[in-house]
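> got a predicted structure plus its sequence, pasted below:
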Amino acid sequence: MTRSRFDSLAPVDCHPLRGVIFDMDGVLTDTIEFHYQTWQRLADEEGIPFSRQANEALRGLSRRDSLLRILQGRVLPEATIQELLERKNRYFRSFIETMTADYLLPGVQVFLKDLREAGIKTAVASASQNVYIVIEKLGIASDIDVITNVYDVDRPKPAPDVFLYAAQQLGLGPEDCVVFEDAESGVEAARAAQMRVIGLGDAAQVGAADWVLPGLEGVRWHHIQAKLNPGV
Ligand code: BG6
Ligand code: MG
């Protein structure tokens, strides 16, 4: 990490941060490839065109919203939709079974430890119904104070519900929290929750964030504070 990467940006807000809310897929672990392969298999079986590029647009969307995008307006009976969703998840669960801490993205373990030492509360707020098993497989459950997903709330991302719920479960307000997200819908959800947000990855996806970084490798809490809480 070079100094200039952190130096050149203006502060966003001065309210002291007390909590970090992570998205999971694409932030803590790279399941995007697993999702891609399982959607591709399903699409091939159903004779529906799909591609790696089309999969990028599904980042952050719930399983059902992803399927509706893939169907591109094709109307199917609800029972068929349910069968497709269950089949996709069956394929995906067989990938999850193979997951270990090796599937953590670079920098995640160090950053989580750094947050613990700084006394910062942590949550995961995911669109994934598989969030609990994935966090367990990754071996980081004891580093996270609250784990939640969009099935705990009324509306999926880009609605703010899951981030507001995570903050509430942490005993914090939106102004106390910073969200880490890799998806456009997630950045939009964090903004709608009136939280600060760090975008990880492609600026085409997360350019609306307060700050865009390539990933968590080399990132320390004092970098985040210097950017979002100068002088605190
Ligand atoms: C999101 C992923 O976190 O979870 C999406 O970015 C995925 O790609 C969604 O479709 C739902 O995941 P699951 O595990 O409930 O099928
Ligand atoms: Mg994500």
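On my side now, so go ahead. Ligands and ions are numbered 1, 2, ... in the order given.
> before we move on, which element is the closest residue to Leu61 other than its chain neighbours in?
Nearest non-adjacent residue to Leu61, counting by Cβ to Cβ, 6 or more residues apart in numbering: Ser185, 6.0 Å away. Where C-beta positions appear, they are placed from N, C-alpha and C, glycine not excepted. Under the criterion of DSSP states H and E, Ser185 resides in helix 184-192.
> could you confirm whether that helix reaches ligand 1?
No: for helix 184-192, no contact with ligand 1 is found by Cβ under 6 Å from any ligand atom; the gap never falls below 8.1 Å.
> the helix or strand that comes right after that helix packs against which elements?
The first helix or strand that comes after helix 184-192 along the chain, using DSSP H and E, is strand 196-200. Packing partners of strand 196-200 (3 or more Cβ pairs under 8 Å, 6 or more residues apart in numbering; DSSP states H and E): strand 177-181, helix 184-192, helix 203-206, strand 211-213.
> give the rounded mean pLDDT of the last one.
Taken as a whole, strand 211-213 has an average pLDDT of 96.
> next helix or strand past that strand?
Heading C-terminal from strand 211-213, the first helix or strand you meet, by DSSP H and E, is helix 221-228.
> that following helix: how far from the chain's middle?
20 Å (Cα atoms, centre = their mean, to the nearest Å).
> any buried residues in it, and which?
By neighbour count on 16 or more other Cβ atoms under 10 Å, the buried set for helix 221-228 is 221, 223-228.
> now the helices for the chain?
For the chain, the helices defined by DSSP state H occupy 3-7, 32-46, 52-56, 63-71, 78-96, 108-117, 131-138, 161-170, 184-192, 203-206, 221-228.
> please identify the deepest-packed of the ones you listed.
Highest mean neighbour count of these: helix 184-192, a mean of 24 (counted as mean count of other Cβ atoms under 10 Å).
> where does that helix sit relative to the chain's centre, distance-wise?
On Cα atoms, centre = their mean, the centre of helix 184-192 falls 10 Å from the chain's centre.
> so which of the helices of the chain is nearest Asn149?
Nearest of those to Asn149, taken as Cβ to Cβ: helix 131-138 at 4.6 Å.
> now for the closest residue to Glu184 other than its chain neighbours: which residues touch it?
Leaving aside its chain neighbours, Glu184 sits nearest to Gln205 (4.9 Å; criterion: Cβ to Cβ, 6+ apart). Residues near Gln205 by Cβ atoms under 8 Å, 6 or more residues apart in numbering: 56, 59, 182-184, 187, 199.
> go on, Trp221?
Contacts of Trp221 by Cβ under 8 Å, 6+ apart are 111, 114-115, 118, 120.
> nearest to Pro49, of these?
The closest of the contacts of Trp221, once distances to Pro49 are taken by Cβ to Cβ, is Phe111, at 38.5 Å.
> count the residues that sit near the closest residue to that closest one other than its chain neighbours.
Counting by Cβ to Cβ, 6+ apart, Leu216 is the residue found nearest to Phe111 once chain neighbours are left out, at 5.0 Å. Per other Cβ atoms under 10 Å, the neighbour tally for Leu216 reads 22.
> same question for Pro156.
Using other Cβ under 10 Å: Pro156 sits among 20 other residues.
> now swap in Ile140 and tell me
Per other Cβ under 10 Å, the neighbour tally for Ile140 reads 21.
> hang on, the earlier thing: turn the helices of the chain into a markdown table, columns for distance to ligand 2 and mean pLDDT.
Formatted as a markdown table, these follow (distance: least, Cβ to the ion, whole Å; pLDDT from 0 to 100):
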| stretch | distance to ligand 2 | mean pLDDT |
| --- | --- | --- |
| helix 3-7 | 22 | 41 |
| helix 32-46 | 8 | 96 |
| helix 52-56 | 11 | 93 |
| helix 63-71 | 12 | 95 |
| helix 78-96 | 15 | 97 |
| helix 108-117 | 13 | 98 |
| helix 131-138 | 11 | 97 |
| helix 161-170 | 12 | 98 |
| helix 184-192 | 6 | 96 |
| helix 203-206 | 9 | 93 |
| helix 221-228 | 18 | 93 |
